[in-house]
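Asks: coords please:
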Amino acid sequence: MRAIPLTVTALAAALLLTACNDSGSKSGGKNSSACEIGGVSVQIGSASVAPKAGDTGEIPVSITNQSKPCTLDQFAGVILNTGGTEAKVPALKGAKAQQLKLAKGDSASFTISYVRGKDGDKTALAARSVKITLPGTSASRSFPWSYGPVAAQAGTSTPNASVTAFQQVGD
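Replies: This next block holds a predicted model:
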């Protein structure tokens with residue numbers, strides 16, 4: 001009769017250990033093959049900056065897999081940070097996410113589009129940084145935001161910005 005409780009305890013311990021990454025903390029991912037920030041390089045490319053309020057800017061973000069094969073499924077998480085407030089950037093309306101499998105050395109990209117807000121406007125988000133999270137994981141990487149204030153969607157505090165779906169880069 002003792003074998004059953006010990007077996008259940010051993011199974012529970014094994015499940016807890018497999019839910020942890022190398023640092024011993026939960027990875028937060030639903031997908032064990034999800035691309036992780038620590039296994040890929042993330043770079044923000046040359047932006048098409050919105051020069052004045054009401055103009056649209058685009059910021060390309062590229063991801064290159066530096067480790068074992070992984071998968072990008074759904075949209076990247078993008079959060080604009082003012083230093084005191086965070087605002088999530090929604091996925092582009094009507095965009096369809098595709099699942100991309102990246103072998104070591106493969107790359108993918110997505111774009112952050114935004115409408116520039118008016119300097120000093122209380123409804124505009126005076127972003128200082130942008131935090132990027134890959135789908136299926138909780139680790140993030142932050143980059144400076146030097147593209148001016150971001151306008152809010154009419155009547156809301158949601159940034160007038162969007163994130164496109166991942167696209168395969170190269171062959």
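
Asks: any idea which element the closest residue to T164 other than its chain neighbours lies in?
Replies: Closest residue to T164 apart from its sequence neighbours, by CB to CB, 6 or more residues apart in numbering: T111 at 4.6 Å. Just so you know, the C-beta spots here come from the backbone N, C-alpha and C atoms, and that holds for glycine as well. For T111, the enclosing helix or strand under DSSP states H and E is strand 107-115.

Asks: any residues touching that strand, and which ones?
Replies: With CB atoms under 8 Å, 6 or more residues apart in numbering as the test, strand 107-115 has contacts from 45, 50, 54-65, 72, 75-76, 78, 89, 92, 100, 102, 130, 147, 150-151, 159-170.

Asks: let's go with 7 Å and repeat that
Replies: If you take CB atoms under 7 Å, 6 or more residues apart in numbering as the criterion, strand 107-115 is touched by 50, 54, 56-64, 72, 76, 78, 89, 100, 102, 147, 150-151, 159-170.

Asks: Of all the residues in that strand, which ones are buried?
Replies: 107-115 (16 or more other CB atoms under 10 Å).

Asks: quick one on the thing from earlier: can you turn the buried part of the contacts of strand 107-115 into a PyMOL selection?
Replies: The buried residues among these can be selected in PyMOL (16+ other CB under 10 Å) with this line:
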select buried, resi 50+57+59+60+61+62+63+64+72+76+78+89+100+102+147+150+151+159+160+161+162+163+164+165+166
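
Asks: quick one: which of the contacts of strand 107-115 sit in helices?
Replies: Among those, DSSP state H puts none in helices.

Asks: Where does the prediction get shaky in the chain?
Replies: Where the chain drops to pLDDT under 70, the residues are 1-32, 171.
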